[in-house]
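Peer 1: sequence and predicted model, in that order:
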Amino acid sequence: MTERDVIFKADHGVGHITLNRPHALHALTFAMCCDMTDALLTWELDPAIDEIIINHSDARGFCAGGDIRQLYEGLLVGGEGVREFFRTEYRLNHLLFTLRKPATCIMDGVVMGGGAGIALPCRQRVATESTQFAMPETGIGLFPDVGGGWFLSRLPGRIGEWLALTGARLNGADCLALGLATSLVHTASNLPPRINDLRRPIDHFFAADRIEDIIEALKSDGSDFATEQLRVIMKRSPTSCKVALRQLRESRKLAQFADNMKMEFRLVARMLARSDIREGIRAFIIDKDNTPYWVPPHFEDVSDEYIDKIFAPLAEDEEWTPLKRD
């Protein structure tokens, strides 16, 4: 990492964090997560800092997520460094969620995956007319992590399940309507929340807790919306979809964000050891042949017992814990 990947500046009582990897849509690296964590811990205790603003340096977008190519390279050599990346990233997510000083994130342009993990824990979240929010992880053999279980499970109706299973994109007005954003800055007069018109079909088709029942509901309907959702879901990792549905169901029961992050680290540790994430990244990011070979390949092949093992506790010395703070 160069010092330009994240720019830190303290000015007139405000700590500024600016993501600065425009060539990679500000995709997060291990070093970036470490440096942001260090800055937040310092500013949290600094009486000269009253608030924190997190932004990005160019107009293309806030953050496309974690650096997928780096993660792929790490997985090819054993994956231990990748697991530590997620442990550190999740600690950053939790730090932002529990920060003692108000933080504002400018959710401009692309806000996906790890970018959402930085934005959503902030107290103030400013969307714009160019915001494109999504959690597309089930498409590469993962699940909506970085706190996704907490935030998606608390959306109205079954919108969280829809977002998790399809990776659908929301605009800035949608984010405001759902509470993902706390304010919206825009100049276009024709920026209505599209999500309002989709609430009824989403709640209908995604009502079930079993992916097989959701697929059956979509198959039995001839509408364009149902057909498109089915097309998208059938391309995604069967294991990832089942993990995501149970993740949201379990997250709803949790009272503490830290408990959610502990659960998600168990999931990511298990998913990193499987072939789907390597295959998903290969198929859609590296080779771009768009033909992943998922294991198991069919939804009916993924048993409840198999999912139980993914959710099981890790060894005590491997479990995720929050940062120790003064």
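Peer 2: Perfect, thanks for sending it. Just so it is clear, the model here is predicted, and its values are computed rather than measured.
Peer 1: looking at this protein, which helix is longest?
Peer 2: helix 80-98 (DSSP state H).
Peer 1: got the angle between the helix or strand just after it and helix 80-98?
Peer 2: Later in the chain than helix 80-98, the nearest helix or strand by DSSP states H and E is strand 103-107. Angle, strand 103-107 to helix 80-98, by axes from the mean of the first three to the mean of the last three CA atoms, to 10 degrees: 120 degrees.
Peer 1: show me where pLDDT drops low in the stretch 1-150 of the chain?
Peer 2: Along the stretch 1-150 of the chain, the model assigns pLDDT under 70 to residues 1-3.
Peer 1: helices along that one, start to end?
Peer 2: 30-45, 68-76, 80-98, 114-119, 148-153 (DSSP state H, counting those that start in this stretch).
Peer 1: nearest to Ala24, out of the ones you listed?
Peer 2: Nearest of those to Ala24, taken as CB to CB: helix 68-76 at 8.5 Å. For glycine as for every other residue, the C-beta is placed from the backbone atoms N, C-alpha and C.
Peer 1: next, the angle helix 30-45 makes with that closest one.
Peer 2: 110 degrees.
Peer 1: which helices and strands sit right next to helix 68-76?
Peer 2: helix 80-98, helix 276-281 (3 or more CB pairs under 8 Å, 6 or more residues apart in numbering; DSSP states H and E).
Peer 1: how about the helices of the stretch 1-150 of the chain in a markdown table, adding mean neighbour count and distance to Asp221?
Peer 2: Putting the helices of the stretch 1-150 of the chain into a markdown table (neighbours: other CB atoms under 10 Å; distance: least, CB to CB, whole Å) gives the following:
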| stretch | mean neighbour count | distance to Asp221 |
| --- | --- | --- |
| helix 30-45 | 18 | 42 |
| helix 68-76 | 18 | 34 |
| helix 80-98 | 21 | 37 |
| helix 114-119 | 28 | 30 |
| helix 148-153 | 26 | 23 |
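Peer 1: right, and the ones you listed - which one's nearest Ser183?
Peer 2: Comparing the helices of the stretch 1-150 of the chain by CB to CB, helix 114-119 comes nearest, at 12.7 Å.
Peer 1: can you tell me which residue is spatially central in the protein?
Peer 2: Gly113 (3.3 Å; CA atoms, centre = their mean).
Peer 1: quick one, what contacts that one?
Peer 2: 64-66, 134-137, 146 (CB atoms under 8 Å, 6 or more residues apart in numbering).
Peer 1: residues in contact with the helix or strand containing Met261?
Peer 2: Element membership of Met261, judged by DSSP H and E, is helix 257-272. Here helix 257-272 makes contact (CB under 8 Å, 6+ apart) with 75, 79, 82-83, 86-87, 90, 93-94, 97-98, 121, 141-143, 145-150, 239-240, 243, 247, 250-251, 254, 277, 309-314, 318-322.
Peer 1: next one: stretch 48-59
Peer 2: By CB under 8 Å, 6+ apart, stretch 48-59 touches 7, 10, 13-20, 22, 26, 40, 43, 62-63, 99, 101-106, 108-109, 118-119, 122, 130.
Peer 1: quick one: buried residues of it?
Peer 2: 49, 52-56 (16 or more other CB atoms under 10 Å).
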